[in-house]
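Student: predicted model, plus sequence, below.
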Amino acid sequence: MAGRIEDYALIGDMQTAALVCRDGTVDWLCLPRFDSHAIFAGLLGTEEHGFWRLGPAHASDAEPPRAARRNYRGDSLILESEWDTPRGTVRVTDFMPPRDGAPQLIRIVEGVSGRVPMRSTLRMRFSYGRVVPWVHKHEGRTVAVAGPDSVWFDTEAETYGKSLTTYSDFTVAPGDRIAFTISWEPSHKEPPALPEPEQSLQATEDFWREWVEHCTYHGPYREAVIRSLITLKALTYAPTGGIVAAPTTSLPEDIGGVRNWDYRYTWLRDAAITLSSLLRTGYREEARAWREWLLRAVAGDPENLQIMYGIAGERELGEAELDWLPGYEGSAPVRVGNGAAHQLQLDVYGEVTEALHLGHMTGLARNDYASLLQLKLIRYLERHWDEPDEGIWEVRGPRRHFVHSKVMAWVAVDRTIKLIESGDADGPLERWRELRDDIHRDVCEKGYDKERNTFTQSYGSKELDASLLLIPQMGFLPPDDKRVIGTIEAIQRELSTEDGFILRYPTEGESEGVDGLPGDEGAFLACSFWMADDLAMIGRVDEARKLFEKLLSLRNDLGLLAEEWDPRLQRQVGNFPQAFSHVPLIDTALRLTASGAYGG
């Protein structure tokens, strides 16, 4: 069975990523891209669906031993795991070098003390665990082939095949270093070059050290911020600048339930807020690359803006269910693709415009097409802002007039007015000022419950929604407005767990709620960070700091966060690691640092 979500480490090459469990098992890897078919899908099934375990040898009927210690090497994405055994100590270093040719996953075993028997167990299953490849030798190298894919396995250790699995049994003593590498190549091409593990390790370490040096944040939460920035960089598809929401699919929001979605795509919302964090910590090149990705993705049809695209800008992300996979801890169905791609979510126009505005304000080189795109988006909103939509949480129930969507439509118009006022674009300034006022008035009249002194999830509803916490952060109302304070306090009362974390909105257990789905979910981590931000903004800085540091304690031992925290099971749930959790971590750290609201 797969490990707990927080038992996994992330390694990647900024084109794809692997998850490595604490017992030395790679249970998830898609090649050659984030959204390709998995060759190791044990995370969503069983060992029969593909895995690669490398660690101390153990009895076949025993649980694989878990590493006693693990860490990333400095500020990098190089994972080091150490096992203490009765016969000695051994270290395994796992990494994926930034790509210069074939994608590679390299694992180096190093003896630390004593003589430790080791075993590599490699079971490749292509097409998400459905296809057993043809494994054979080619000029002394092991290669697995199925259809368009080939994976090459290189090591100096002796290998043998048994039960459609490739094994290596060996012993390491102090100073021994034995490398194992898999490389992907289209099956019709020549074999990939022989790997050079030690040189690749040094190059990977150099890459991450140089990248981290660009970070401009040096506050008290630097360790957490740096790890989150590295994670966001790892989720960026280097060839295009697109940013995936997470490198996984179908890790459940509700263990055993149906809330299982594919996050290996670029949500405009997630990518826009990621760009914001990168810009504010010194990473202009990544921000520029994302802006170029955006302009290509929406080119030719900006008015029909999708909420998400493929990592190269693909529009068709058809959703399907993989019925041969039982799902993570029985959470079915396992889905690939995402049917929400063509939903109407009006808030996306605001997030994209806010990201373009921030780039403009922070000195990102002017791009005339970006300004033209912004104007086209506002012309669309001018005609459609007052329509119901599916909202930020991609509900699969009926469309509603979500307050957050209207607020973000206001943001889009407001930021475009600022662009025109700066002299960098031309547009109907007075007309759009009236539009901005109309949207603001509409929200305050129809989305506000005077009796309870709180904004509500949608017009005419009584439910609350954590996205309302963004009202002061977006400048829609000032933090000291009584309606803002009332909303913050109402969300604390009605959407807070016993641990003080924030739910997105009320769910209805076995009944279908506003999102059109049965079941419940955990506390959405981004919402809890938003609460910390708001508390700081209204002067409750000690409370904000305590909530933030409580959130930091939810990270796994490597500083990684999934999408949600299950307060009942006391564990992480949802796709992992999640950009939409690490971005607000950075934002809250910046806000608390600026306010001086941190411990000694």
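Tutor: Received it, and whenever you're ready, just let me know what you need. Residues are numbered from 1 along each chain as shown.
Student: in the stretch 201-350 of the chain, where is pLDDT below threshold?
Tutor: Along the stretch 201-350 of the chain, the model assigns pLDDT under 70 to no residue.
Student: which parts of it are strands?
Tutor: Remark: strands assigned in the stretch 201-350 of the chain by DSSP state E, counting those that start in this stretch are 236-237, 242-243, 266-267, 308-309, 320-321, 335-336.
Student: got it, and the stretch 1-150 of the chain?
Tutor: Along the stretch 1-150 of the chain, counting by DSSP E, counting those that start in this stretch, strands occupy 8-12, 17-21, 25-30, 38-40, 51-56, 69-72, 79-85, 88-95, 104-114, 116-123, 134-138, 141-146, 149-155.
Student: what ranges do the helices span in the stretch 401-550 of the chain?
Tutor: Under the criterion DSSP state H, counting those that start in this stretch, the stretch 401-550 of the chain carries helices at the ranges 403-421, 429-446, 470-473, 482-494, 525-537, 541-552.
Student: next up, the contacts around Gly161.
Tutor: Val135, Tyr167 (C-beta atoms under 8 Å, 6 or more residues apart in numbering). From N, CA and C alone the C-beta is placed, and that goes for glycine too.
Student: which helix or strand contains it?
Tutor: Per DSSP states H and E, Gly161 falls inside strand 160-162.
Student: that strand: partners in the sheet, and parallel or antiparallel?
Tutor: Applying DSSP bridges, strand 160-162 is found paired with strand 165-172 (antiparallel).
Student: can I get the very next helix or strand once past the strand it pairs with in CSV, CA atoms only?
Tutor: Using DSSP H and E, the next helix or strand after strand 165-172 towards the C-terminus is strand 177-186. Taking C-alpha atoms only, strand 177-186 is exported to CSV below (Å, rounded to 0.1, in the frame of the first residue of the first chain):
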residue,chain,number,x,y,z
ARG,A,177,29.0,4.5,-4.3
ILE,A,178,26.7,2.6,-6.7
ALA,A,179,24.4,4.5,-9.1
PHE,A,180,21.2,3.5,-10.7
THR,A,181,19.6,5.5,-13.5
ILE,A,182,16.4,5.3,-15.6
SER,A,183,16.2,7.5,-18.7
TRP,A,184,13.2,7.9,-21.0
GLU,A,185,13.4,8.1,-24.8
PRO,A,186,10.8,7.7,-27.6
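Student: what lies in contact with strand 177-186?
Tutor: Contacts of strand 177-186 with the rest of the structure, by C-beta under 8 Å, 6+ apart, involve 31-32, 39, 52, 54, 102-111, 120, 122, 148-157, 168, 170, 172, 191-192, 195, 197-198.
Student: and the angle from it to strand 104-114?
Tutor: 170 degrees (axes from the mean of the first three to the mean of the last three C-alpha atoms, to 10 degrees).
Student: angle of strand 177-186 against strand 51-56?
Tutor: Strand 177-186 runs at 170 degrees relative to strand 51-56, counting by the same axes, to 10 degrees.
Student: any buried residues in strand 177-186, and which?
Tutor: Of the residues in strand 177-186, Ile178, Ala179, Phe180, Thr181, Ile182, Ser183, Trp184, Glu185 count as buried by neighbour count, 16 or more other C-beta atoms under 10 Å.
Student: which among the residues you listed gets closest to Gln343?
Tutor: Trp184 (33.2 Å; C-beta to C-beta).
Student: enumerate the beta-bridge partners assigned to the closest one.
Tutor: Val151.
Student: where's it relative to Phe34, distance?
Tutor: Trp184 sits at a distance of 13 Å from Phe34 (criterion: C-beta to C-beta, to the nearest Å).
Student: wait, which of the strands of the stretch 1-150 of the chain is closest to Asp449?
Tutor: Closest to Asp449 of the strands of the stretch 1-150 of the chain is strand 8-12 (C-beta to C-beta; 42.0 Å).
Student: what packs against that closest one?
Tutor: Strand 8-12 is packed against strand 17-21, strand 88-95, helix 222-234, with contacts defined by 3 or more C-beta pairs under 8 Å, 6 or more residues apart in numbering; DSSP states H and E.
Student: now render the ones you listed as JSON lines, adding distance to Glu47 and mean neighbour count.
Tutor: JSON lines is the format used below for the helices and strands packed on strand 8-12 (distance: least, C-beta to C-beta, whole Å; neighbours: other C-beta atoms under 10 Å):
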{"stretch": "strand 17-21", "distance to Glu47": "12", "mean neighbour count": "27"}
{"stretch": "strand 88-95", "distance to Glu47": "19", "mean neighbour count": "22"}
{"stretch": "helix 222-234", "distance to Glu47": "26", "mean neighbour count": "21"}
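Student: most packed of the strands of the stretch 201-350 of the chain?
Tutor: Stretch with highest mean neighbour count among the strands of the stretch 201-350 of the chain: strand 266-267 (a mean of 30; mean count of other C-beta atoms under 10 Å).
Student: which residues does that strand contact?
Tutor: Tyr237, Gly242, Ile243, Val244, Ala245, Trp293, Ala297, Ile307, Met308, Tyr309, Gly310, Ile311.
Student: ok now do Ala320, which residues does it touch?
Tutor: Contact analysis of Ala320 by C-beta under 8 Å, 6+ apart lists Arg335, Val336, Gly337.
Student: typo on my end, it should be Leu43
Tutor: Residues counted as contacts of Leu43 (C-beta under 8 Å, 6+ apart) are Ala2, Leu19, Asp27, Trp28, Thr248, Leu251, Tyr328.
Student: now the buried members of those residues.
Tutor: Burial by neighbour count, 16+ other C-beta under 10 Å: within the contacts of Leu43 this picks out Ala2, Leu19, Asp27, Trp28, Thr248, Leu251, Tyr328.
Student: that's all I had, so thanks and see you.
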